[in-house]
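Peer 1: Let's see this in three dimensions:
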Amino acid sequence: MQKPDFTYETLALQLGHSLICGIDEAGRGPWAGPVVASAVILDQHDTPQGLNDSKKLTPEKREALFDPILKSAHVGIGIVSAAEIDAINILQATYLAMKRAVQNLNPLPTLALVDGNRAPPLPCAVQTIIKGDALSLSIAAASIIAKVTRDRIMVELEKQYPDYGFAKHKGYGTAVHAAALRRLGPCAEHRKSFKPISNLLAR
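Peer 2: Numbering: from 1, shown residues only. Modelled structure (predicted):
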């Protein structure tokens, strides 16, 4: 089974880049809550064991890796709210989250390895890698930080809006979420520009 490694990072170092971060996001698809991106510069000599694409890890494993990544790496996090998503669209919001994540990194990287096939405008060079979270350890670490951060935000939002089930479905379009929306209508954390929400509002 394919496991992420430092192949892309090592090649970038050989090409003259001194600081390489991996970038990934969580929360492009949900109907509610923010989109969160993370940028991570790993220490190749001090890397937590068990890093992988966050989707391949259990919630418990992701939580267990969160603090070790923060302790051993440089980490930046970028958060873009539901209201901002509605104002600029989800693609631009994802780019903005990635930009904020890089800006919150200290030191700033010279190259960002970004999961996907579209290069966000960042204050450093960008290399996109399709399925990068399964190939690059830096991107895998970023995917874990982004996912855990967003999940924790959604659990907190459950306290503010207890009737939608945010802690369970994390804002994704489940049957439970759809039923709650029909019953209650959208709350401030719903993305009004997303079809299921805009259709409800149009009614």
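Peer 1: Report the central residue of the chain.
Peer 2: Centroid-nearest residue in the chain: residue 25, 2.3 Å away (criterion: C-alpha atoms, centre = their mean).
Peer 1: quick one, longest helix in this protein?
Peer 2: helix 137-160 (DSSP state H).
Peer 1: buried sites along the next helix or strand after that one?
Peer 2: Next in sequence after helix 137-160, counting helices and strands by DSSP states H and E, comes helix 166-169. Residues of helix 166-169 classed as buried under the neighbour-count rule (16 or more other C-beta atoms under 10 Å) are 166, 169. The way it works is simple: take the backbone N, C-alpha and C, and place the C-beta from them, glycine included.
Peer 1: what does stretch 125-142 give?
Peer 2: Here stretch 125-142 shows 126-127, 129, 132-142 as buried, counting by 16+ other C-beta under 10 Å.
Peer 1: Now do residue 196 against residue 7, distance only.
Peer 2: Per C-beta to C-beta, to the nearest Å, residue 196 is found 40 Å from residue 7.
Peer 1: go on, residue 168?
Peer 2: Residue 168 sits 37 Å away from residue 7, going by C-beta to C-beta.
Peer 1: Please name the residues that touch the nearest residue to residue 189 once chain neighbours are set aside.
Peer 2: Closest residue to residue 189 apart from its sequence neighbours, by C-beta to C-beta, 6 or more residues apart in numbering: residue 32 at 4.8 Å. Shown in contact with residue 32 (C-beta atoms under 8 Å, 6 or more residues apart in numbering): 82, 157, 164, 166, 171, 177, 186, 187, 189, 190, 191.
Peer 1: mind giving me JSON lines with the buried residues of stretch 125-142 and columns for pLDDT and distance to residue 96?
Peer 2: Shown next, in JSON lines, are those (pLDDT from 0 to 100; distance: C-beta to C-beta, whole Å):
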{"residue": "126", "pLDDT": "98", "distance to residue 96": "15"}
{"residue": "127", "pLDDT": "98", "distance to residue 96": "20"}
{"residue": "129", "pLDDT": "98", "distance to residue 96": "21"}
{"residue": "132", "pLDDT": "96", "distance to residue 96": "19"}
{"residue": "133", "pLDDT": "95", "distance to residue 96": "20"}
{"residue": "134", "pLDDT": "95", "distance to residue 96": "25"}
{"residue": "135", "pLDDT": "97", "distance to residue 96": "25"}
{"residue": "136", "pLDDT": "98", "distance to residue 96": "22"}
{"residue": "137", "pLDDT": "98", "distance to residue 96": "25"}
{"residue": "138", "pLDDT": "98", "distance to residue 96": "21"}
{"residue": "139", "pLDDT": "98", "distance to residue 96": "19"}
{"residue": "140", "pLDDT": "98", "distance to residue 96": "23"}
{"residue": "141", "pLDDT": "98", "distance to residue 96": "21"}
{"residue": "142", "pLDDT": "98", "distance to residue 96": "16"}
